[in-house]
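> Provided below are the primary sequence and the corresponding predicted coordinates.
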Amino acid sequence: LIADQKITQKLKKKLSPKRYEHTLSVTKVAYELGKAHHYNPSKAALAGLLHDCAKHYSNKKLLRLCERYAITKSKAEELNHDLLHAKVGAFIAREKYHVEDPDILNAITYHTTGRPSMSLLEKIVYISDYIEPGRKHGGRLDLIRRIAYQDLDKAMLYILEDTLEYLHHRKATIDPVTKETYNYYKKLRR
Ligand code: DGI
Ligand code: FE
Ligand code: FE
Ligand code: FE
């Protein structure tokens, strides 16, 4: 047992089977990355468990929660409501799952775009979300899976590079924070 069973059962009831499987996989990978990088594995697992806890909400519900609880939306989040499940997820983790730890809440908030100068836990969750065994991204996924256990900053850079390329190809609106995060990790490695 690597994660809180009450939270796990509650999420099982709410998420689709596919999203629930993804959630459990991210939880396991976050636990392993925690061990590999000397971060409390149980705390990493809890952050992984909750990272997509608002993913099943419709855009309408995400927007309604933002209105009701004065959660401010960035320009990118206005244009792409999907991005909101990260920020709203952190809110739900606090209100509905009673998680207070700011590092866990930030890891949930920044799991989609990342942000410059991420904490160890923020990187663990961001990377676990990308490399969990159920993911089938093309690009350098197998390479990134190996790098993740050796160098988190390098894994961040590779994931951001592949993600930006994918978003460009899809002509998706790119959140400036995603771009800033990429620039930060690129500079870090020079
Ligand atoms: O919720 P998940 O699917 O497990 O994963 P996630 O929350 O990391 O979302 C992944 C998607 O988000 C992936 O297709 C890349 C996309 N994404 C990351 N940064 C941006 C972005 N999408 C847009 N439109 N803009 C971004 O800046
Ligand atoms: Fe997500
Ligand atoms: Fe992600
Ligand atoms: Fe996810």
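That came through, no problem. Ligands and ions are numbered 1, 2, ... in the order given.

> and residue 138, how many residues sit next to it?
Residue 138 has 8 neighbours, counted by other C-beta atoms under 10 Å. Using the backbone N, CA and C atoms, a C-beta is placed for each residue, glycine as well.

> er, residue 24 actually
Using other C-beta under 10 Å, residue 24 has 20 neighbouring residues.

> could you do the one 3 residues further on as well?
Residue 27: 27 surrounding residues under other C-beta under 10 Å.

> contacting residues around it?
Contacts here follow C-beta atoms under 8 Å, 6 or more residues apart in numbering; on that basis residue 27 touches 2-3, 45, 48-49.

> for this protein, which helix or strand comes out least confident on mean pLDDT?
Every helix and strand of the chain was ranked by mean pLDDT, DSSP states H and E. The lowest is helix 75-79, at a mean of 94.

> give me the secondary structure label for the most centrally placed residue in the chain.
Note on the chain: the residue nearest the mean C-alpha position is residue 111, at 2.4 Å, using C-alpha atoms, centre = their mean. Secondary structure for residue 111, judged by DSSP: H, G, I helix; E, B strand; the rest coil, is coil.

> that one reaches residue 83, doesn't it?
No. The pair residue 111 / residue 83 is not scored as a contact, 10.7 Å apart, by C-beta atoms under 8 Å.

> next structured bit after the least confident helix or strand of the chain?
Helices and strands here follow DSSP states H and E; after helix 75-79, the next one along the chain is helix 84-95.

> for stretch 149-158, which residues meet the burial criterion?
By neighbour count on 16 or more other C-beta atoms under 10 Å, the buried set for stretch 149-158 is 152, 155-158.

> re earlier: what's the spacing between the least confident helix or strand of the chain and its chain's center?
18 Å (C-alpha atoms, centre = their mean, to the nearest Å).

> also stretch 54-65?
Here stretch 54-65 is found 17 Å from its chain centre; the criterion is C-alpha atoms, centre = their mean.

> now it: buried residues?
Buried residues in stretch 54-65 (16+ other C-beta under 10 Å): 54-55, 57, 62-63, 65.

> quick revisit: which residues are contacting the least confident helix or strand of the chain?
83-84, 87, 173-177.
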